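> using only what follows, build the 3D model:
(chains A and B)
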Amino acid sequence: MSAPSLAPYILKRPWLKRWIVPFANWYADAAGYRRLGLRADDLIPEENDTVQLALKRLSPKESYDRVFRLRRAFQCSLAHQLLPAAEQTKPEEDVKYLSPIIEEIEAELKERADLESIIVQRKK
Amino acid sequence: MASPASLGSRALRASRRVPVASFQRRGLAAAASGSFQYETGDSSGIKYASRDLPGPTTTLTVVAKAGTRYQPLPGLSDALEKFAFKSTTKRSSLRITRESELLGGNLSAYHSRENLVLRARFLREDLPYFTELLGEIISKTRYTTHELDEEVVRVLKLGQQGLLASPSSLALNSVHAVAFHRGLGEPLHPTSSTTISKYLDVRTIAEFGRAAYARSNIAVVANGASHSELSKWVGEFFTDTGNGSKTLKLSSPTSKYYGGEERIAHNSGNVVVIGFPGSSSFTSGSSFKPEISVLAALLGGESSIKWSPGFSLLSQAAKEFPQAHVSTNHATYSDAGLLYVTISGEALDVAKASTNVVEALKKIASGQVAEEDIKKATVLAKFRALEAGQQTDAGLEATGSGLITQGKAFQIDEIGAAIDKVSGDKVKAAAKQLLESKASVSAVGDLFVLPYASEIGLTV
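So this is what the prediction gives:
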């Protein structure tokens, strides 16, 4: 599921964005997943229906690449090694490929829940 | 409604504004305000027609000339039909469903060999809402991959299984394929699952949708709506309709009749369909031959009166075979037609009845038929044509397709007049011509028993 995020609040304020973005970039790099060749969206917990459905909606290529990255990262982790610098995820490759789909599914579910609970007031 | 987006919708507000008293109430002495004739109009390239039948409900359809005949790849018409009322850029499919439920509307879509029809039936005062909805469906559907995979393909496969499981629909598709080859011969639903996996993807479907729902390719037809209202709302809500696709042109070569024979083994029923070249639809002009529909009524097979075999020649011919069911239909298309006799039931009875069917046809051709029977058939054919025009479903599709191809609505009074003029000699001449041309024969079922065309005396 998508986690609560401060990003929209920060991005709306240019002065805050100017402060936070360099720090955020540093933090993402320091988190270390990029050294194992992963992307941020690979770290989303997948043990729930929403993310499972989102994974089904990935294109075959994206789905294959995701499994490849996960297995490679596993292997690195077991071997206590980092990938060679050329194979590590570059910041521009670290794009959101799964979270937009998750957000779409969550919006669908929310709309369904809203529509199930509406109270219709008919105009006389 | 729940969201500000729909609160702001002009269509909904207009729906609410219309006072209930505005739909027609007739006192005993008042003249009928509804007209049986269609009034036609044109709103910046979109043709529309309406018939103000008195009554509290309206049927609104969008007819697109994009049936299986015009699809560039197999299964596209079917898939585009299944994508109707799926999510658009403005609202989700769930919201469309819930909103029309609240208004008591009924949404459906279907396709025939020539047309793709989106239909909404609702209370008269909701015309603006449903006009907006149909306008949105044809211009703003999103065609997403997940809807294709999760919803559309599933339903497509059900349609395919339905086709393969039913001997009569298999035989009917087969007889069309034998008679017309490509174009009109395309099956209504894909017959093998390779077509779904190989040809269908959202980009192709979206492109086909753009070509199918182009201004020049659609007609909006309403039953039970006043012409001024319809023209007002079509002018307002169909402004986003596209002008067609740049890469895809929908076209189909003029139909040519071939004829031939096809035999398909099947273990859940026996059907023999015998087809002959028929007449094209009324709106096509010169190639419309009313005597073929009289011939269809004369051949008949099914009685229109309960507890009686009826006067029709085929019901007389098949009387000894109670396990066989015989019926004659006449399928009309914009530039061709197919007169076909369907014989279904127990294999042995079907085999024997089909011999009698051909004998009956030969009898008409040689003139051994009572004038009385031809008169009865003429009246029955007239009743059937008028009734089909009066019933909203068939009438709406025929009107839409006539509007798109000829700019002419389906005026059923004129068809009735054309059928009245048919003489007995003309019917006999038509029957003779049928027997001279090549027949199209499809046998589905127990092929050991079902006859070949040459065995029942037909040339293929």
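> low-confidence bits of the stretch 251-400 of chain B, can you list those?
Along the stretch 251-400 of chain B, segments meeting pLDDT under 70 span B:283-286.
> nearest to chain A: which residue in it?
Nearest residue of the stretch 251-400 of chain B to chain A, counting by CB to the nearest CB: residue B:392, 27.7 Å away. Just so you know, the C-beta spots here come from the backbone N, C-alpha and C atoms, and that holds for glycine as well.
> helices of chain A, start to end?
A:7-11, A:14-30, A:49-57, A:60-78, A:99-116 (DSSP state H).
> among those helices, which comes closest to residue B:201?
Ranking the helices of chain A by distance to residue B:201, with CB to CB as the measure, places helix A:60-78 first at 11.9 Å.
> can you report how many residues lie near the closest residue to residue B:103 other than its chain neighbours?
Leaving aside its chain neighbours, residue B:103 sits nearest to residue B:126 (5.0 Å; criterion: CB to CB, 6 or more residues apart in numbering or on different chains). Residue B:126 has 24 neighbouring residues, counting by other CB atoms under 10 Å in any protein chain shown.
> quick one: residue B:126 from residue B:395, how far?
21 Å (CB to CB, to the nearest Å).
> try residue B:160
29 Å.
> now render the helices of chain A as TSV, adding mean pLDDT, distance to residue B:342 and mean neighbour count.
Putting these into TSV (pLDDT from 0 to 100; distance: least, CB to CB, whole Å; neighbours: other CB atoms under 10 Å in any protein chain shown) gives the following:
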stretch	mean pLDDT	distance to residue B:342	mean neighbour count
helix A:7-11	90	64	11
helix A:14-30	93	69	11
helix A:49-57	95	43	16
helix A:60-78	96	44	13
helix A:99-116	94	45	15
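> these: which one's closest to residue B:140?
Ranking these by proximity to residue B:140 (CB to CB) places helix A:99-116 first, at 17.1 Å.
> need the CA coordinates for that closest one. PDB is fine.
Extracted in PDB, the C-alpha atoms of helix A:99-116 (Å, rounded to 0.1, in the frame of the first residue of the first chain):
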ATOM      1  CA  SER A  99       3.100   3.200  -7.100                       C
ATOM      2  CA  PRO A 100       1.000   4.900  -9.700                       C
ATOM      3  CA  ILE A 101      -0.800   1.600 -10.300                       C
ATOM      4  CA  ILE A 102      -1.300   1.100  -6.600                       C
ATOM      5  CA  GLU A 103      -2.600   4.600  -6.200                       C
ATOM      6  CA  GLU A 104      -5.100   4.000  -9.100                       C
ATOM      7  CA  ILE A 105      -6.300   0.800  -7.400                       C
ATOM      8  CA  GLU A 106      -6.700   2.500  -4.100                       C
ATOM      9  CA  ALA A 107      -8.700   5.300  -5.700                       C
ATOM     10  CA  GLU A 108     -10.900   2.700  -7.300                       C
ATOM     11  CA  LEU A 109     -11.500   1.000  -3.900                       C
ATOM     12  CA  LYS A 110     -12.100   4.300  -2.300                       C
ATOM     13  CA  GLU A 111     -14.600   5.300  -4.900                       C
ATOM     14  CA  ARG A 112     -16.400   1.900  -4.500                       C
ATOM     15  CA  ALA A 113     -16.600   2.400  -0.800                       C
ATOM     16  CA  ASP A 114     -17.900   5.900  -1.200                       C
ATOM     17  CA  LEU A 115     -20.500   4.900  -3.700                       C
ATOM     18  CA  GLU A 116     -21.600   2.000  -1.500                       C
END
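> from the contact counts, what lies against that helix?
With contacts taken as 3 or more CB pairs under 8 Å, 6 or more residues apart in numbering or on different chains; DSSP states H and E, helix A:99-116 sits against helix A:49-57, helix B:93-102.
> give me the pLDDT for the residue most central in space within chain A.
With distances taken as CA atoms, centre = their mean, residue A:41 lies nearest the centre of chain A, 3.2 Å away. Looking at residue A:41, its pLDDT is 94.
> isn't it right up against residue A:93?
No: Residue A:41 is beyond contact range of residue A:93, at 11.5 Å (criterion: CB atoms under 8 Å).
> show me what the helix or strand hosting residue B:196 is packed up against.
Per DSSP states H and E, residue B:196 falls inside helix B:193-199. Here helix B:193-199 touches helix B:153-165, going by 3+ CB pairs under 8 Å, 6+ apart.
> what mean pLDDT does the helix or strand following the helix it packs on get?
Later in the chain than helix B:153-165, the nearest helix or strand by DSSP H and E is helix B:167-180. What helix B:167-180 shows for mean pLDDT is 94.
> who are the packing partners of helix B:167-180?
Packing contacts for helix B:167-180, counted by 3+ CB pairs under 8 Å, 6+ apart, involve helix B:153-165, strand B:260-265, strand B:270-277, strand B:337-345, strand B:440-445.
> what count of nearby residues applies to residue B:121?
Count around residue B:121 with other CB under 10 Å applied: 19.
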